[in-house]
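[1] Got a predicted model here, sequence first, then my questions.
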Amino acid sequence: MDLNSNNKNRGKSEINQQEILDIYSLDNNELDNVPIGFFFGLVARQYLDFFDKYLSVLCQEQNISQERIASLLRVNGATVTRELENLEKRNLIMRKMDENDRRRKLVSLYDKGFEMLESFRDVDWETESKLLKYFSIEELHILKFLLKKIIIRIEDIQK
């Protein structure tokens, strides 16, 4: 199974259900051939899809361009446009023309969007507790220690 080529040929934020099924079918020896980055990407994509990533980005930056949203979420412009249209129909966001560049649209979150995001955060904590209840305290400490170590190494590499 060549998971690397699958990831390169599609949008990075889209979850490929076949990849998930392929992972389930692998035994522990075969898992050694799968890059750890693939697992991180898969976990992050699934986790962020549950937590409305668009509202989260809009909460952090008001009057953000659609291009910036696409860049932050690592999706293409068509995907951003489609998702923003859905949010706009639900009266969660407002899109307006950029006065400095009429070709760009700026996106802002309405109060209703902020409220919805807060309710997602409550659900997020609930979901995390459900996910982690299958791990022992020791396993959670090891997981966090290893993730912290990876983050530090990534930062070292980027310097």
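    Sure thing, it's come through. Numbers count the residues shown, from 1 in each chain.

[2] Residue ranges in the protein under the pLDDT threshold?
    1-21, 23-24, 44-52, 120-124, 159 (pLDDT under 70).

[3] Now do the helices in the chain.
    3-8, 17-25, 28-31, 36-50, 53-60, 66-73, 77-89, 111-132, 137-158 (DSSP state H).

[4] ok, and the closest non-adjacent residue to Tyr54?
    Computed as C-beta to C-beta, 6 or more residues apart in numbering, the closest residue to Tyr54 that is not its neighbour in sequence is Glu83, at 5.5 Å. From N, CA and C alone the C-beta is placed, and that goes for glycine too.

[5] To clarify, my last question referred to Ser56.
    Closest to Ser56 by C-beta to C-beta, 6+ apart is Leu117, at 6.6 Å.

[6] try Ile64
    That would be Val107: by C-beta to C-beta, 6+ apart, it lies 5.5 Å from Ile64.

[7] swap in Asp98?
    Arg104 (4.0 Å).

[8] So the one you found is in contact with Lys96, correct?
    No: Arg104 is beyond contact range of Lys96, at 10.0 Å (criterion: C-beta atoms under 8 Å).

[9] Between the two, which has more neighbouring residues?
    Higher neighbour count among Arg104 and Lys96: Arg104, with 14 against 11, using other C-beta atoms under 10 Å.

[10] Could you pull up the contacting residues of that one?
    65-67, 97-98 (C-beta atoms under 8 Å, 6 or more residues apart in numbering).

[11] Name only those of those residues that count as buried.
    65-66 (16 or more other C-beta atoms under 10 Å).

[12] quick one: which of the contacts of Arg104 is nearest to Gln158?
    Proximity of the contacts of Arg104 to Gln158 (C-beta to C-beta) peaks at Glu67, which lies at 22.9 Å.

[13] Now do the contacts for that closest one.
    77, 104.

[14] ok, back up a step: tell me which of the helices of the chain sits most buried.
    helix 53-60 (a mean of 18; mean count of other C-beta atoms under 10 Å).
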